[in-house]
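Colleague: all I have is the shape, not the residue letters:
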């Protein structure tokens, strides 16, 4: 009973709240969400003066993955709503998923207003593909663009069919900008605005582009080289300089704001927070199994599961079947505990389904299509982290259940005030005390908690040793803290 009192104690929740703020502060200092760079340019109200036009700015300053794709869609939609005249993407990334980068570059190419990119240091791999799609590129001195060979999580090049796709996509993206006339000695020659072979050389080390790259080297351009070869319109150190060089210094700038939902998703996707949610899921299930009926611990477990899977589902990481696998695992585990005698196939299957669904929920399934061996390595690492978290969660839950009422710390959390009978208090039903030594039958399965029938009355009880099946004869050996303890006879 003291375990339930622990869950209801305001001090316990104050303790959890403190942990929450510590984790939140850690996540806030370790990561900067999109839209919170360059403090010099501030967001303006939704209703904007249109005399000078609008430049809409948003950032891609992290790994190219589904969260970036969601932010990009939101930013382009907001730019249309604001009737922006230009869109400027602030880029600093070492790459990411090719399929996400392809979706972003298609959005840029199909945009009805000009799109500019400011490479604030690096636009590598998938970042290079996104940048080349823009109508104009500006780079910070010392920055670079290129190195777009498709690699797996270990940094090794993937099979050629994926390289072929990336080569053609890079080449087609450069070709999409068309040709421009160049007049030399009165003769007009049409040349590519961005040479497609240079874009392809960023993927294929076998390609030779005279005066640019030799065979055997994957091409990466510095800011100066990018300007010389037509892959950069100029150098800049800030967004203000980019706008000035573009002749847009008089335009009104609007920055894409990170919404409240974005902050919540960003926070819940933190590995630290995900580990805490797994601990709450395991702890809630454990404490629920220790007490008869359905109570508050199960509610905590359900809430933690929702907070774990909801942001993963919204980001497109967790699929429907993975969530259903988690629910099926819970059902199988419940059947094993409450219905099926012993512990066998259902229980083991339930545990494995829970662990597998928690693992695959945080992995983008696209990696299994690119390199199965590498994908299995990634899945094994995530599975190991989650397995350790589950084991720690079970151990902590077991420790808390044993320490409640005995540890000095938990005495301050649990209700532990003496209520003497001389003062008029009766701690339990005196009639229940009279059940000690009597025999009866298990009214429900005791694993280890449940209910027993003694005579015509039913009492909450707990098995002293092992599990007791429904209908087995039992004997009450003691009454402690309002709980009957029984053994099978």
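Modeller: Here it is on my side, so go on. These numbers come from a predicted model, not from an experiment.

Colleague: give me phi/psi at the closest residue to residue 54 other than its chain neighbours?
Modeller: The shortest distance from residue 54 to any non-neighbouring residue, by C-beta to C-beta, 6 or more residues apart in numbering, is to residue 84 (4.5 Å). In short, each C-beta sits where N, CA and C put it, glycine included. When quoted as degrees, to the nearest 10, the phi and psi of residue 84 stand at phi -70, psi 150.

Colleague: find the helix or strand that residue 266 is a member of.
Modeller: Here residue 266 is covered by helix 260-268, with elements defined by DSSP states H and E.

Colleague: which is the next helix or strand following that helix?
Modeller: On the C-terminal side of helix 260-268, the nearest following helix or strand under DSSP H and E is helix 271-289.

Colleague: quick one: mean pLDDT for that following helix?
Modeller: If you average the pLDDT over helix 271-289, you get 80.

Colleague: now for it, which elements pack on it?
Modeller: Taking 3 or more C-beta pairs under 8 Å, 6 or more residues apart in numbering; DSSP states H and E as contact, the helices and strands that helix 271-289 lies on are helix 10-30, helix 260-268, helix 296-314, helix 320-338, helix 372-403.

Colleague: work out the gap between it and the centre of the chain.
Modeller: How far helix 271-289 lies from its chain's middle: 16 Å, per C-alpha atoms, centre = their mean, to the nearest Å.

Colleague: likewise for stretch 246-257?
Modeller: If you compare the mean C-alpha spot of stretch 246-257 with that of the full chain, they lie 32 Å apart, counting by C-alpha atoms, centre = their mean.

Colleague: ends of that stretch, how far apart?
Modeller: The distance separating the two terminal residues of stretch 246-257, taken as C-alpha to C-alpha, to the nearest Å, comes to 24 Å.

Colleague: before we move on, what about stretch 110-118?
Modeller: Distance across stretch 110-118, first residue to last, is 19 Å (C-alpha to C-alpha).

Colleague: about what we covered before: now the helix holding residue 266 against helix 296-314, angle please.
Modeller: Computed with axes from the mean of the first three to the mean of the last three C-alpha atoms, to 10 degrees, the direction of helix 260-268 lies at 110 degrees from that of helix 296-314.

Colleague: state the mean pLDDT of stretch 460-471.
Modeller: According to the model, stretch 460-471 has a mean pLDDT of 85.

Colleague: list the buried ones in it?
Modeller: If you call a residue buried by 16 or more other C-beta atoms under 10 Å, then stretch 460-471 has these buried ones: 460, 461, 462, 463, 464, 467, 468.

Colleague: secondary structure element for the second one?
Modeller: Using DSSP H and E, the secondary-structure element containing residue 461 is strand 457-463.

Colleague: elements contacting that strand?
Modeller: For strand 457-463, the elements it packs on are strand 449-454, strand 483-488, judged by 3+ C-beta pairs under 8 Å, 6+ apart.

Colleague: hmm, 10 Å instead?
Modeller: helix 430-433, strand 439-442, strand 449-454, strand 473-480, strand 483-488 (3 or more C-beta pairs under 10 Å, 6 or more residues apart in numbering; DSSP states H and E).

Colleague: ok, the nearest residue to residue 314 once chain neighbours are set aside - how many residues close by?
Modeller: Counting by C-beta to C-beta, 6+ apart, the nearest residue to residue 314 once its immediate chain neighbours are dropped is residue 265, at 6.3 Å. Residue 265 sits with 18 neighbouring residues when counted by other C-beta atoms under 10 Å.

Colleague: check residue 489 too.
Modeller: For residue 489, the neighbour count with other C-beta under 10 Å is 9.

Colleague: tell me the contacts of it?
Modeller: When contacts are counted by C-beta atoms under 10 Å, 6 or more residues apart in numbering, residue 489 is found next to 439, 440, 472, 473, 474, 475.

Colleague: just the buried residues of those residues.
Modeller: In the contacts of residue 489, the ones that pass as buried (16+ other C-beta under 10 Å) are 440, 472, 474, 475.

Colleague: so what's the second one up against?
Modeller: Counting by C-beta under 10 Å, 6+ apart, residue 472 makes contact with 441, 442, 445, 446, 452, 463, 486, 488, 489.

Colleague: and it, what are its phi and psi?
Modeller: The phi/psi pair for residue 472 (degrees, to the nearest 10) reads phi -70, psi 150.

Colleague: which non-adjacent residue is nearest residue 117?
Modeller: In space, residue 117 is closest to residue 134, 4.0 Å off (C-beta to C-beta, 6+ apart).

Colleague: hang on, the earlier thing: what is the nearest of the buried residues of stretch 460-471 to residue 347?
Modeller: The shortest approach to residue 347 among the buried residues of stretch 460-471 belongs to residue 467, at 12.1 Å (C-beta to C-beta).

Colleague: what separates that closest one from residue 336, distance-wise?
Modeller: 11 Å (C-beta to C-beta, to the nearest Å).

Colleague: do the same with residue 184
Modeller: Distance from residue 184 to residue 336, counting by C-beta to C-beta: 81 Å.

Colleague: who's more crowded, these two?
Modeller: Here residue 184 and residue 336 are compared on neighbour count by other C-beta under 10 Å; more neighbours surround residue 336, at 21 against 7.

Colleague: run a quick neighbour tally on the residue lying closest to residue 300 once chain neighbours are set aside.
Modeller: In space, and not counting its chain neighbours, residue 300 is closest to residue 284: 4.1 Å by C-beta to C-beta, 6+ apart. Under the neighbour criterion other C-beta under 10 Å, residue 284 is assigned a count of 24.

Colleague: helices along the stretch 101-250 of the chain, start to end?
Modeller: Counting by DSSP state H, counting those that start in this stretch, the segments of the stretch 101-250 of the chain that form helices are 126-133, 160-175, 196-201, 223-228, 239-245.

Colleague: will you turn those helices into a markdown table that also has mean pLDDT, distance to residue 271 and mean neighbour count?
Modeller: Rendered in a markdown table, the data for those read as follows (pLDDT from 0 to 100; distance: least, C-beta to C-beta, whole Å; neighbours: other C-beta atoms under 10 Å):
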| stretch | mean pLDDT | distance to residue 271 | mean neighbour count |
| --- | --- | --- | --- |
| helix 126-133 | 96 | 22 | 28 |
| helix 160-175 | 92 | 28 | 18 |
| helix 196-201 | 95 | 35 | 23 |
| helix 223-228 | 95 | 35 | 18 |
| helix 239-245 | 91 | 31 | 19 |
